[in-house]
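**Student:** Need coordinates for the below:
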Amino acid sequence: FNSNSGGWLGAYGSEFNNVAQGSHFKGPVDRWSGPAVSFVIEAARAGNFLINITEPPEFLRPHSLEYFGSSSFDYCVYSTALGYLDFCVAQYTVTDQRASTTDWLLLGSQDIHLVVLIDEDGGTAWQK
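**Tutor:** A predicted model of the protein is given here:
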């Protein structure tokens, strides 16, 4: 599991259960909540499989940093693409780079809106 911030509909660690907000790959499952977590728990129940929260191998971190950057979400995607993890659970932004790296099961999407202020001259900050 990757821990989303409060603005996303994904996975959240519970501070009451010693999984701090913003922590990643820490278990057990009952210390997590959110729509993505509920989906995976129900899938495990219906599919009769166990959920084992596993941290990606540390030796992959430098390679993930080189390929993607410093995101823990990218680290999980990188590890999954190479077969070290089965799946990552959280609300992700599916970038072109992430989409080209591994397969995705999209549970939903959210529109992104660009808000640009126009000054009195009709120009925008982007044009200045």
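
**Student:** going forward, measure contacts between C-alpha atoms and count neighbours the same way
**Tutor:** OK.

**Student:** name the helices or strands packed onto the worst-scoring helix or strand of the chain on mean pLDDT?
**Tutor:** Least confident helix or strand, the chain: strand 12-13 with a mean of 76, by mean pLDDT, DSSP states H and E. With contacts taken as 3 or more Cα pairs under 8 Å, 6 or more residues apart in numbering; DSSP states H and E, strand 12-13 sits against strand 32-33.

**Student:** who does the strand it packs on pair up with?
**Tutor:** Next to strand 32-33 in the sheet, as set by DSSP bridges, lie strand 12-13 (antiparallel).

**Student:** can you give me how far the lengthiest helix in the chain is from the chain middle?
**Tutor:** With DSSP state H setting the assignment, residue counts place helix 35-47 as the longest helix in the chain. On the basis of Cα atoms, centre = their mean, to the nearest Å, helix 35-47 sits 16 Å off its chain's mean C-alpha point.
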